[in-house]
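# 3D, please:
(chains A, B and C)
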Amino acid sequence: MGKLFAVVVVVIAIASAVPIVMHTWAPPVDISTHGHAIDEQLKDTMVEAGISFLGAQLVLAFFVWQVAGRKDGPIKTFPGGARVMVIAAILLVGTEILALGVLGQKAWADVYFTPAKPDALQVQAQAGQFAFYFRYPGVDGKFGALHPDKIDEGNSNFFGLDPEHDMDSRDDVVTGELAIPVNREVHLLMHAKDVGHSFYVRELRIQQDFVPGLDLSVHFTATQTGRYEIVCTQLCGLGHYNMRAYLSVLSPDDFDKWMKEKAAQ
Amino acid sequence: MGTTAQRPPTVTTIRPGGGSGGGVRPPGPDDGELKALSEPRSEPVRTGIWVGLAAIGMMFAAFTSALIVRQGSGEDWHHLVMPRIVLLNTLVLIASSLSLERARRKVASYFRTGKKDRQEALRWLYATLALGGFFVAGQFVAWQQLRAQGLYLSTNPNSSFFYVLTAVHAVHVLGGLGGLLFVIRRLSAPVAALRRSSMDSTSYYWHFMGALWLYLLLLVWIKL
Amino acid sequence: MSEVSSHAVQHQAPTGFIRKHVFSLDHKVIGKQYYALALVAVVTGMMLSWLMRIHLVWPNAPIPGLHFLSKAGAPGNVMTPEFYLSLMTMHGTLMVFFVLTNAPFAAFGNYFLPIQIGAEDMAFPRFNMMSFWTTFLAFVVLMAAFFVPDGPPIAGWTAYAPLSAVGGDAGPGEALGQTLWGVSIFIFCIASLLGALNFIATTLDLRAKGMTLMRMPICTWAWFITSCISLLAFAVLMPACLLLILDRVAGTSFFIPSNLVISDRLQPHSGGSPLLWQHLFWFFGHPEVYIAILPAMGIVSHILINSMRKPLLSAKVIIYCMMGIGFMSYMVWGHHMFVSGMNPFSSLAFSFPTLMITIPATLMTLIWLGSLYGSKLRITAASLFALGFLSMFVSGGVSGFFLAQPAIDIYLHATYFVVGHFHMVMGVAAIFGVFAGTYFWFPKMTGHMMSESLGKLHFWGTFIGTYCIFMPFHYLGLAGNVRRYSAFTDDFLVPLIPLHKFITYAALFTGAVQLIFLFNLVYSRFKGAPAPDNPWECTSLEWTMPSPPPFDNFGGKHPVVYHDPYQYGMTNAAGGDYIMQTSPEASPTGD
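Below you'll find the model as predicted:
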């Protein structure tokens, strides 16, 4: 029975690794300028974790194969005993951690430690149960102030703007779809209307929570035109599974055209 | 099977077993050559009280950090004028700690000398009980005064934290009063059946509540 | 109660049914009660997960009888999305609190910690009884959420504010159901604190003569360290729950910020901090992971040593590693919040200790693996589950590498990768510890042997089944499959549905395999072969007494301990290849 255990463990370990090695279910192609650092990091970690995983499972299987049901012969101790293990764990894992930790800092820093460029396209995203809305500042480049008491979904006033009294808000463009120009940085200002939500675009390698009461922002540059899904990843209530919007990455000309169309509405 | 009987006679009033909290502790037998004797056995209730106080301390540490984070998160932090009676309550609680300490010493000397006179210890214990009761009643009056100012639990974060901190503290003081009642009952039984560890633990708890209150007072004074 | 009668209650076995089986002060009865409660909770939780799995792959299929559970949640027996979230919330809460905290720690700990250190009972038997019945009350309050008009809460077991704090406007179940959740967890905290206090005092004060700290079995150490962790962790969750309840029922604003518009209603709250809840919750939540896994580590070490017939390479290193993990578990909670809008520098500050925890975890794995070398491994149902634990712990552990790095977490956060990770390392691994413990200690607890062949069958089904369920979760996560979705409406999720189907089949299969265990448990309890005192030839104190142990454990005698519990692999010991802890014969290793 011990030998069976060893075989099953080996089979499970190899079977588990196959889809990873074959990239059967892999992340989609990255379309952001920062994403390659995350992908590299993911790949390196996969190699190191994969080696640890396979190594440990195979050693477990091997030892169990050797000793299961053994009745004769003396009890033996692993050469070097615990000391070897302590040194191995600290050296191997320690260096691995340092390597990953340092590399990880770089990938993380790319996303979070550099501020958005001043000429980045500013877009405000509002998440509410269970839809995203986006607001562009319009020709004046200024967002109008928000008045939560004026929010009226029936009247399409999703953000609670007050165009009657607020000049800045008159030319604000509100859409249900996030259109951005390719190869231009976007500074996404995030605002939660009700509860926590999250902004997740797999292809962009961006995930950031909307936290009520906290105005957060992310910035990113998309490098490929196309249409991608934005989904909510923070549990927000009964419609959570259905809360999504589309991200359209457009060529600069198409974006200007789109913007004009939307502004005219 | 007497469990306390074989223990070194630190307690002159021997009782059959059970006890504060009800620990059953096997005394070590005298047979057997032991290479490494375990440490001298201590009373679980003495350990237990410190462990419990650690948990209570941790809880108030959590409240404190919540208070600090909450202060930074909103624009609605409005300082609170503490009801005057809180200062009086503080004095009452300090006095109760002093009287309990007197009682503890009396009980200790009663254990040491075995003098029949427990009345003085009991008097100090009743005084502590009364002072503790005054404290809780005083806190109640403080809440009434805050309400009279229009400050309710949900009025603003400062009032919320004031009510929560003082109420949770008061609940723990009530627990201490329960401990005091237990000690008094044990001491005034026809054959006094009080363990010294119960007396000590109750008084540690009580002093901790006093120290905690001084800390809370400081916190409220500075922050709220 | 007068002195005399309280004495009688503690030293003579109670005779009335209530005192003996219901409100018992005996740690062994209380341990079994915890086990039974965990069993009820795990069966309930598992059935909820089946319903979820079925709904995920056949969203419109009616599940016969489901409307009995909730009329509003399953009209025509078809589950609504919100009822899916309710089931998910209840599944998580039941499993984390009432199974993973109760079974390996409270159940086995209560039963065996006092015995293994040579005590007659816990330090405070009354507290012990209170903590069980308080836990039971918490369970009842939680289950009551199923029967309130609005249904159970939908905010997940993490109950993130403000969804969990604003009340009925936030969705079904967020009214009374969520309040019951808060109250239940608050009560559970009280119970856990009482329990932890009891464990600590018992371990420190009631050890038998000769039972030094280093002579305690590793599982005793694990329960002790776990109780230290839970003392501080639950002491933080309790105030957090109190503040959450006040936000819900008293209109305070601890966690609810200003200007929220929910269900078209401007909420009457201002200035609170949703992140405050996350900080308080995860300050508890991460140590909770170790509260679940440490006892399993201890139980598995204990069983492995016994099955290998040799000591571990170093028991001390294992114990120090557990302490290290326990200590570090308080410095890493922020890794649950990398994308929550924390200061990006603090993310790095939390990432580093998270990666550091890998060192003790790896070291423990290396010690376990290295100890197998040159042993005489006996294959039993218990040792199979212990070996299965090692395999699961590694598999679930390596995925922690990914999630500890904030950069990778940007992509993997809130995907099935996380679900796979914590189910394997905290759920399945801990449950394997419980199974191993059950097969190992059942003879002692009931006086009957469990069926080994059924046990082994149960192992194979569970081992292969759980891998089939939880390994694919990682693949789903890599493909970006978001968790907590009741249906896969997004375009990119559609191609993943076949994999989900596979997981559902595997879950139903693995669930069915558990029926073997339940049958074995019940059948062996009544019809199992009578258990000898020491069927596994184990050295620790619980095996010196009859199976099941008498009321006062050691029958009025007081054990004296001469050795640590690792005296295996002797060639000429009196009783075979091992020396009991209580045996005065000299040990070749000198301890």
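# What residues does chain B have near chain A?
B:Ser73, B:Gly74 (C-beta under 8 Å from any C-beta of the partner chain). C-betas here are computed from N, CA, C, even on glycine.
# For the residue in chain B that chain C sits nearest to, which non-adjacent residue is closest in space?
Proximity of chain B to chain C (C-beta to the nearest C-beta) peaks at B:Gly74, 2.2 Å away. Excluding the flanking residues, the one nearest B:Gly74 by C-beta to C-beta, 6 or more residues apart in numbering or on different chains is C:Gly271, at 2.2 Å.
# How is the one you found classified with respect to secondary structure?
Applying DSSP: H, G, I helix; E, B strand; the rest coil to C:Gly271 yields a three-state assignment of coil.
# before we move on, what about the one 10 residues further on?
With three-state DSSP as the basis, C:Phe281 sits in helix.
# Report the contact partners of the residue in the stretch 1-150 of chain A that chain C sits nearest to.
Nearest residue of the stretch 1-150 of chain A to chain C, counting by C-beta to the nearest C-beta: A:Lys76, 2.7 Å away. Neighbour list for A:Lys76: C:Tyr373, C:Gly374 [criterion: C-beta atoms under 8 Å, 6 or more residues apart in numbering or on different chains].
# Next: C:Gly437.
Counting by C-beta under 8 Å, 6+ apart, the residues that C:Gly437 touches are C:Pro104, C:Phe108, C:Ile299, C:Ile303, C:Ala382.
# give me that answer again for 7 Å
C:Gly437 sits next to C:Phe108, C:Ile299 when contact means C-beta atoms under 7 Å, 6 or more residues apart in numbering or on different chains.
# For it, give its distance to chain A.
19 Å (C-beta to the nearest C-beta, to the nearest Å).
# Over to C:Lys444?
Taking C-beta to the nearest C-beta, one finds C:Lys444 at 23 Å from chain A.
# do C:Thr15 as well
45 Å.
# Model confidence at that residue, what's the number?
If you check C:Thr15, the pLDDT there is 80.
# Which one of the residues in the stretch 151-300 of chain C is closest to chain A?
Closest point on the stretch 151-300 of chain C to chain A, by C-beta to the nearest C-beta, is C:Pro257, at 2.5 Å.
# Give the burial count for the closest residue to that residue other than its chain neighbours, as a bare number.
Once flanking residues are discounted, C:Pro257 sits nearest to A:Gly213: 2.5 Å by C-beta to C-beta, 6+ apart. A:Gly213 is flanked by 23 other residues according to other C-beta atoms under 10 Å in any protein chain shown.
# Contacts only, for A:Gly213.
B:Ser73, C:Pro257, C:Ser258, C:Ser273, C:Pro274.
# Is residue 228 inside a helix or a strand, and which specific one?
Because you didn't say which chain, this covers chain A. strand A:226-231 (DSSP states H and E).
# wrong one, I was asking about chain C
Per DSSP H and E: helix C:218-249 holds C:Cys228.
# Report the secondary structure state of the residue of the stretch 1-150 of chain A closest to chain C.
A:Lys76 is classified as coil under three-state DSSP.
# any idea how far C:Ser371 is from it?
11 Å (C-beta to C-beta, to the nearest Å).
# same question, C:Trp277
43 Å.
# same deal with C:Tyr568?
From C:Tyr568 to C:Ser371 the distance is 11 Å (C-beta to C-beta).
# Out of the two, name the residue with the larger neighbour count.
Higher neighbour count among C:Tyr568 and C:Ser371: C:Ser371, with 26 against 23, using other C-beta under 10 Å.
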